[in-house]
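Undergrad: predicted coordinates and the sequence they were generated for:
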Amino acid sequence: MGLFDKLKKGLFKTKKSLVEDTEKLAKGRKVDDDLLEEFEELLIMSDVGPQASAAITDALKEKVKQDKIKNERDLKAAFKEEVTKILKEGHKVMCAGEKPYVVLTVGVNGVGKTTTIGKLARRFTDQGFTVTLAAADTFRAAAIEQLDIWADRAGAYIVKHQSGSDPAAVAFDAVQSAQSKDVDVVIIDTAGRLHTKANLMEELKKIKRVVSKEKSSAPHEILLVVDATSGQNAITQAKIFHETVGITGIALTKLDGTAKGGIIIAINQELDIPVKLIGVGEAVEDLQDFDPDEFVEALFG
Ligand SMILES: Nc1nc2c(ncn2[C@@H]2O[C@H](COP(=O)(O)OP(=O)(O)OP(=O)(O)O)[C@@H](O)[C@H]2O)c(=O)[nH]1
Ligand SMILES: [Mg+2]
């Protein structure tokens, strides 16, 4: 199965709730304000978020007024256009520049950080880059083992200390080791933490500070991993992590498990942080660069 088909398959449930249900709603009906009110409700139910839902609906209302939307087909086309606009605004992909290129990965518990790191590492090594993983989730021994397995699969180096040790020290050692071995990419795993726990958020600041002592331009990417099934809480998480450490990109995981993939539209509308990666399944190739055009095609096509 090609990447686009995997994306399509991963977005199956979201396509149903976001696109097919809105098509059904409009079928054989006159497109008017009443219909668009119901349409807006459907968007909100699909986790598109109040702001983006209102923005899309307002744009459609305007087009109805101008007589540009007459039937369900016009409605779908205009809807697609508005979603594309929102997803394209401020879009960026991840690209390794400096050497070593240091990626710090953060997020709440269980969102898919370690899995995303493993898949990302594999992608980089497949492309011919060398990679060092930093096991800075020292909270549980199992977390270090999990990263070890991924390092093995990806053919990456791993820097690890004993569980319970200082995560910032692990991150520092990993960057130092990468510099001495001339490694291309360093990816730092961290323990999941609730954005509401101030002391744990301080720890992330420390990791960031310590890494920049070893290489002043690092970390080059601070990647927030967000679970697509967490609904509007994803926005709150992003805001607080951003305030604390300054997020440069979002990896949105588990889009395959949910009908609420509309959250990606809410994230794009409400935050100035680009979604760079999406997870549409458990396999390595299910971590994809977020490409707004392809995403919209997979959803509406
Ligand atoms: N279906 C699906 N499952 C995913 C995806 N990404 C991650 N997972 C699953 O999510 C679960 C948790 O993943 P982890 O990578 O351990 O999450 P984590 O954020 O590192 O968790 P903590 O370190 O405990 O905070 C695993 O079972 C993964 O296989 C995805 O895109 N799709
Ligand atoms: Mg983990």
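TA: Structure's in. What do you need? Ligands and ions are numbered 1, 2, ... in the order given.
Undergrad: and for residue 96, the neighbour number?
TA: Using other CB atoms under 10 Å, the number of residues around residue 96 comes to 17. Where C-beta positions appear, they are placed from N, C-alpha and C, glycine not excepted.
Undergrad: now the one 10 residues further on
TA: Residue 106: 26 surrounding residues under other CB under 10 Å.
Undergrad: quick one, what contacts it?
TA: 113, 190, 193, 204, 222, 223, 224, 225, 241, 245, 247 (CB atoms under 8 Å, 6 or more residues apart in numbering).
Undergrad: next, it: phi, psi?
TA: Backbone torsions for residue 106, taken as degrees, to the nearest 10, come to phi -130, psi 160.
Undergrad: beta partners for it?
TA: residue 224 (DSSP bridges).
Undergrad: ok, back up a step: filter the contacts of residue 106 down to the buried ones and hand me the PyMOL line.
TA: Filtering the contacts of residue 106 down to the buried ones (16 or more other CB atoms under 10 Å) takes a single PyMOL command:
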select buried, resi 113+190+193+204+222+223+224+225+241+245+247
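Undergrad: among the contacts of residue 106, which one lies nearest to ligand 1?
TA: For the contacts of residue 106, the closest approach to ligand 1 (CB to the nearest ligand atom) belongs to residue 113, at 3.5 Å.
Undergrad: quick check: the gap between the closest one and residue 290.
TA: To residue 290, residue 113 is 17 Å away according to CB to CB, to the nearest Å.
Undergrad: thought residue 259 was touching residue 20?
TA: No. Assessed by CB atoms under 8 Å, residue 259 is found out of contact with residue 20, at 10.5 Å.
Undergrad: neighbour count for these two, which is higher?
TA: residue 259 (18 against 10).
Undergrad: wait, what's in contact with residue 153?
TA: By CB under 8 Å, 6+ apart, the neighbours of residue 153 are 118, 122.
Undergrad: for the remainder of this discussion, apply numbering that starts at 22.
TA: Will do, 22 is the new start, and the previous item becomes residue 174.
Undergrad: for it, give me phi and psi.
TA: phi -60, psi -40.
Undergrad: roughly how far apart are it and ligand 2?
TA: 15 Å (CB to the ion, to the nearest Å).
Undergrad: before we move on, what about residue 170?
TA: Taking CB to the ion, one finds residue 170 at 12 Å from ligand 2.
Undergrad: go on, residue 231?
TA: From residue 231 to ligand 2 the distance is 20 Å (CB to the ion).
Undergrad: does that residue belong to a helix or a strand, and which?
TA: Assigned by DSSP states H and E, residue 231 belongs to helix 219-235.
Undergrad: and that helix, how far out from the chain middle?
TA: 22 Å (CA atoms, centre = their mean, to the nearest Å).
Undergrad: now what about that helix, what contacts it?
TA: 123, 125, 127, 157, 188-190, 192-193, 196-197, 200, 209, 211-212, 214-216, 239-240, 243, 261-262, 265-266.
Undergrad: what about 6 Å?
TA: With CB atoms under 6 Å, 6 or more residues apart in numbering as the test, helix 219-235 has contacts from 127, 188, 189, 192, 193, 196, 197, 214, 239, 240, 265, 266.
Undergrad: buried subset of the residues you listed?
TA: 127, 188, 189, 192, 193, 196, 197, 214, 239, 240, 265, 266.
Undergrad: hey, where'd the strands end up in the stretch 72-221 of the chain?
TA: 122-127, 152-157, 178-180, 206-211 (DSSP state E, counting those that start in this stretch).
Undergrad: how about the stretch 222-322 of the chain?
TA: Using DSSP E, counting those that start in this stretch, strands in the stretch 222-322 of the chain cover 242-248, 270-274, 296-300, 308-310.
Undergrad: which among these is found nearest to residue 72?
TA: strand 296-300 (16.0 Å; CB to CB).
Undergrad: tell me how many other residues crowd residue 285.
TA: Residue 285: 29 neighbours (other CB under 10 Å).
Undergrad: from residue 273, how far out is it?
TA: Relative to residue 273, and taking CB to CB, residue 285 is found at 6 Å.
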